[in-house]
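Novice: here you go, sequence then predicted model.
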Amino acid sequence: MFSSVIFLFIYSVNAQENIPNTTFKTISGKSIESSEILNDEGFSIISFWATWCIPCINELDAINELYDSWNKNYNIKVLAISTDDARSKKRVRPMVSGKNWVFDVYLDTNQNFKRSLNISGIPHTIIAYGSKIIHRRIGYSPGEEKDLLKVISNYKQK
């Protein structure tokens with residue numbers, strides 16, 4: 001039990017960090033900084049994923065179904081950050097086109113953004129308000145996308 005309390009404390013402290021300003025690429029190959037794409041006046045859901053990660057794709061499909069209502073009601077911006085490496089990044093654009101995802105997709109081919117946030121595994125989802133991280137989640141099971149909205153609702157009530 002004591003170790004659980006320590007873990008929760010560390011996790012809560014860690015959740016108060018800011019998104020570091022890191023450069024990566026748009027899906028069309030343009031360099032962009034993380035500070036340019038965060039939702040300055042609301043929430044950003046940042047999902048780290050890869051084309052070979054089935055739970056990642058399932059999570060993004062589920063978020064895609066809810067995105068329009070989330071954005072309308074809560075001013076949420078979803079950023080899907082592909083961690084595919086140089087060999088597999090060529091699969092990103094066709095997959096995104098085939099999925100018809102309505103949110104923005106970016107390439108972190110060198111995984112600099114992922115490393116700057118101390119992310120070791122995917123799917124890894126972060127909720128930020130402005131540039132402040134308010135929640136992190138590792139992994140995905142069907143239905144957990146609704147928990148993201150609960151975190152946002154609870155944060156708004158503070």
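Specialist: Perfect, thanks for sending it.

Novice: which residue is the nearest non-sequential neighbour of residue 92?
Specialist: residue 82 (4.9 Å; CB to CB, 6 or more residues apart in numbering). Heads up, the C-betas are built off the backbone N, CA and C, glycines and all.

Novice: now do the strands in this structure.
Specialist: Secondary structure of the chain by DSSP state E: the strands cover 23-26, 31-33, 43-49, 76-82, 104-107, 124-129, 132-138.

Novice: dump those to TSV, plus mean pLDDT and distance to residue 66.
Specialist: Listed next are the strands of the chain as TSV, based on pLDDT from 0 to 100; distance: least, CB to CB, whole Å:
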stretch	mean pLDDT	distance to residue 66
strand 23-26	93	23
strand 31-33	94	25
strand 43-49	97	10
strand 76-82	96	9
strand 104-107	96	16
strand 124-129	98	13
strand 132-138	97	16
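
Novice: out of these, flag the one nearest residue 113.
Specialist: Among those, strand 23-26 comes nearest to residue 113, with 5.2 Å by CB to CB.

Novice: pairing partners for that closest one, with directions?
Specialist: Partner strands and pairing direction for strand 23-26 (DSSP bridges) are strand 31-33 (antiparallel), strand 104-107 (antiparallel).

Novice: possible to save the strands of the chain as a markdown table with mean neighbour count and distance to residue 68?
Specialist: Converted to a markdown table, the strands of the chain look like this (neighbours: other CB atoms under 10 Å; distance: least, CB to CB, whole Å):
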| stretch | mean neighbour count | distance to residue 68 |
| --- | --- | --- |
| strand 23-26 | 16 | 22 |
| strand 31-33 | 12 | 24 |
| strand 43-49 | 24 | 14 |
| strand 76-82 | 23 | 10 |
| strand 104-107 | 19 | 14 |
| strand 124-129 | 22 | 18 |
| strand 132-138 | 17 | 22 |
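
Novice: in CSV: those strands, plus distance to residue 115.
Specialist: Listed next are the strands of the chain as CSV, based on distance: least, CB to CB, whole Å:
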stretch, distance to residue 115
strand 23-26, 11
strand 31-33, 16
strand 43-49, 11
strand 76-82, 12
strand 104-107, 15
strand 124-129, 12
strand 132-138, 15
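
Novice: got the contact list for stretch 136-154?
Specialist: Contact with stretch 136-154 is made by 11, 14-15, 43, 45, 55-56, 58-59, 62-63, 66, 70, 74, 76, 121, 123-127, 134-135, as judged by CB atoms under 8 Å, 6 or more residues apart in numbering.
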